[in-house]
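Visitor: using only what follows, build the 3D model:
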Amino acid sequence: MKKIVMWMLVLASVSVKADAQWFATGTAGIGYLDDAFQLVLKPGAGYEFNDRWAAGLGMGLGVFDGAAYGTVDPYVRFNCWNNGRFFVDAKAEGDVWFGHGNTLADIGIVPSVRIAINRNWAAFGDFGLFGVQHANDEWSPAFGITSARVKMGVMYHF
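Guide: Sure thing, here's the model as predicted:
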C-alpha cells in the first residue's frame with residue numbers, strides 16, 4: 001500500500017511540474033477615486049501551477065491625490081474559461097497601499113481577461129473588485145468597476 005501511495009505522489013508531482021511555468025508581469029493603472037487622481041505602476045512575478053491555477057505577487061509605486069505610496073498585491077488566479085488564445089480569469093486578491101502614515105487595503109475577487117500574443121507574451125486587463133476595503137479604520141463593501149480599479153498589463157512566460 002505504501003508503494004502505491006508513493007508512486008501516486010510521484011506521478012502527481014511530475015504531472016504538475018511538467019505544466020508549471022514562471023512568469024513576470026508589468027501593470028499600470030490610472031483613474032480617479034473620490035475626485036483624486038490615481039496612478040500606479042506595479043511589476044510582479046508569479047508561478048502557473050497548471051492550466052487553471054497560478055499565484056503571484058505585485059509590488060509597486062503609485063501616486064494618489066499628489067502623495068506617493070507603495071503597494072503590495074498578492075493574488076491567486078483561477079482560469080474560468082479559455083479557447084487557447086483568450087482567457088477569462090478570476091483573481092482572489094489582497095491589495096495593500098501604504099505611505100504618509102496611511103494604510104489602505106482591499107480583499108476580494110477581481111475579474112480579469114487575457115489574450116495570448118504569442119507563446120511567451122500576453123496582455124491582460126483587471127476590471128473592478130467584488131469584496132471589501134479598509135479605509136479610515138473601518139471595513140466596507142467594495143463592489144463594481146470604477147476607473148481606479150481598471151488595470152492593464154503585460155505578462156511574459158519564461
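Visitor: residues of stretch 85-103 that come out buried?
Guide: Using 16 or more other Cβ atoms under 10 Å as the test for burial, stretch 85-103 gives 87, 89, 91, 93, 95-97, 99. Glycine gets a C-beta too; all of them are placed from N, C-alpha and C.
Visitor: ok, for Met155, nearest residue in space, not its chain neighbours?
Guide: In this structure, Met155 finds its nearest non-sequential neighbour in Ala122, 4.5 Å apart by Cβ to Cβ, 6 or more residues apart in numbering.
Visitor: now do the one you found, the pLDDT please.
Guide: pLDDT recorded at Ala122 is 97.
Visitor: next one: Val150
Guide: Val150 is assigned 87 on the pLDDT scale.
Visitor: how many other residues sit next to Ala24?
Guide: 14 (other Cβ atoms under 10 Å).
Visitor: which residues touch whichever strand or helix holds it?
Guide: In this structure, Ala24 sits in strand 21-33 according to DSSP states H and E. Under the criterion Cβ atoms under 8 Å, 6 or more residues apart in numbering, residues 37-48, 54, 56, 58, 60, 62, 64, 124, 126, 146-158 lie in contact with strand 21-33.
Visitor: how about that strand as CSV, C-alpha atoms only?
Guide: Provided in CSV are the C-alpha atoms of strand 21-33 (Å, rounded to 0.1, in the frame of the first residue of the first chain):
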residue,chain,number,x,y,z
GLN,A,21,5.8,27.9,-15.5
TRP,A,22,7.2,31.1,-14.1
PHE,A,23,6.0,34.5,-15.4
ALA,A,24,6.7,38.2,-14.9
THR,A,25,4.1,40.9,-15.2
GLY,A,26,4.0,44.7,-15.5
THR,A,27,0.8,46.5,-14.6
ALA,A,28,-0.3,50.2,-15.0
GLY,A,29,-3.5,51.7,-13.6
ILE,A,30,-4.8,55.2,-13.9
GLY,A,31,-8.1,56.7,-12.7
TYR,A,32,-10.0,58.8,-10.3
LEU,A,33,-11.2,57.8,-6.8
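Visitor: assess the claim that Phe78 and Val88 are in contact.
Guide: No: counting by Cβ atoms under 8 Å, Val88 is not a contact partner of Phe78; they are 10.1 Å apart.
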